[in-house]
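Student: With the input below, show me the fold.
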Amino acid sequence: MQKFMEIYRRLKEKIQSGDYCPGDILPSENELTEQFGVSRGTVRKALALLLEKGYIQKMKGKGSVVLDIQRFDLPLSGLTSYKELQQAQKIESETIVLENSLTELPQSVARFLNVPPEQDAVCVRRLRKVKDEGVILDIDYFLSDIIPSIPEEAAENSLYEYIEGTLGFSISYARKEFTVESVTEEDREWLSLNGDTHVVVIRSEVFLEDTRLFQYSESRHRLDTFRFTDFARRRPPAMP
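Tutor: Below is the predicted model:
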């Protein structure tokens, strides 16, 4: 392993483990040079990589400031339940069910789904808390002719596990819309916004394997807690 990569790895591990906390200043280039017994150029390569990967920010007159890396990756593509995300990324969180009731689709949701507004649906509202702070407000509507009810235990645990495992449906694909929007009164009531005036909103219409639309999903995310990731591959332009 190249020496600068070893220094990068060791500093990264200290940041991830909390030895260096957000806002801390890393040792100076001279101190790191002496600590690792390498040239200043090698230390600069390691710091440049930490900067590129989002672990530090260089600030004039201060040095290398450690950034807050406690964010959870949400894939832009694919259909992943919060429970699956929680287990994969070892997120210690609490789910609070705010509503689980049969109602009519709101007009805004009916327009998004292009279905009649008088359509009945099961509405499930849930708050996701991490470190006792509200970070996601999840609002789901399930068309009642397909999903007539949701047990409270399933709402607290995993909706998709219930729909696929208990009801035997195959969830296949979704169309997603990502926006940044001004906070609502409901956001202010439930999310720990820390002065934020906007949230990231993901709206999805979700379909079964037989192409039936069955769910509207709306996730409202605090800005500073999650990052949205995807794998992208450039394709060559089509030949004329």
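
Student: so where do the strands sit in the protein?
Tutor: Using DSSP state E, the strands assigned to the chain run over residues 56-59, 63-66, 72-75, 93-104, 120-130, 133-143, 171-182, 198-208, 213-221, 226-229.

Student: Now the weakest link among the ones you listed, please, by mean pLDDT.
Tutor: Mean pLDDT is lowest for strand 72-75 among those, at a mean of 55.

Student: What count of nearby residues applies to residue 195?
Tutor: Using other CB atoms under 10 Å, residue 195 has 4 other residues around it. (C-beta placed from N, C-alpha, C; glycine too.)

Student: Ignore what I typed, I meant residue 193.
Tutor: By other CB under 10 Å, the residues close to residue 193 number 18.

Student: shouldn't it be in contact with residue 187?
Tutor: Yes. Residue 193 lies in contact with residue 187 (CB atoms under 8 Å); the separation is 6.8 Å.

Student: Dump the strands of the chain to TSV, plus mean neighbour count.
Tutor: TSV is the format used below for those (neighbours: other CB atoms under 10 Å):
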stretch	mean neighbour count
strand 56-59	15
strand 63-66	18
strand 72-75	16
strand 93-104	14
strand 120-130	20
strand 133-143	21
strand 171-182	12
strand 198-208	18
strand 213-221	21
strand 226-229	14
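
Student: now the ones you listed as CSV including distance to residue 159?
Tutor: As requested, those are exported to CSV (distance: least, CB to CB, whole Å):
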stretch, distance to residue 159
strand 56-59, 39
strand 63-66, 37
strand 72-75, 17
strand 93-104, 10
strand 120-130, 7
strand 133-143, 7
strand 171-182, 10
strand 198-208, 10
strand 213-221, 9
strand 226-229, 19
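
Student: Using CSV, list the CA coordinates for the longest helix anywhere in the chain.
Tutor: The longest helix of the chain (DSSP state H) is helix 3-17. Presented in CSV, the C-alpha positions along helix 3-17 are these (Å, rounded to 0.1, in the frame of the first residue of the first chain):
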residue,chain,number,x,y,z
LYS,A,3,2.2,5.5,2.2
PHE,A,4,-0.3,8.3,1.6
MET,A,5,-3.1,5.7,1.3
GLU,A,6,-2.1,4.2,4.7
ILE,A,7,-2.2,7.7,6.2
TYR,A,8,-5.6,8.4,4.6
ARG,A,9,-7.0,5.1,5.9
ARG,A,10,-5.8,5.7,9.4
LEU,A,11,-7.1,9.3,9.6
LYS,A,12,-10.4,8.1,8.0
GLU,A,13,-10.8,5.4,10.7
LYS,A,14,-10.2,8.0,13.4
ILE,A,15,-12.9,10.2,12.0
GLN,A,16,-15.3,7.3,11.6
SER,A,17,-14.7,6.0,15.1
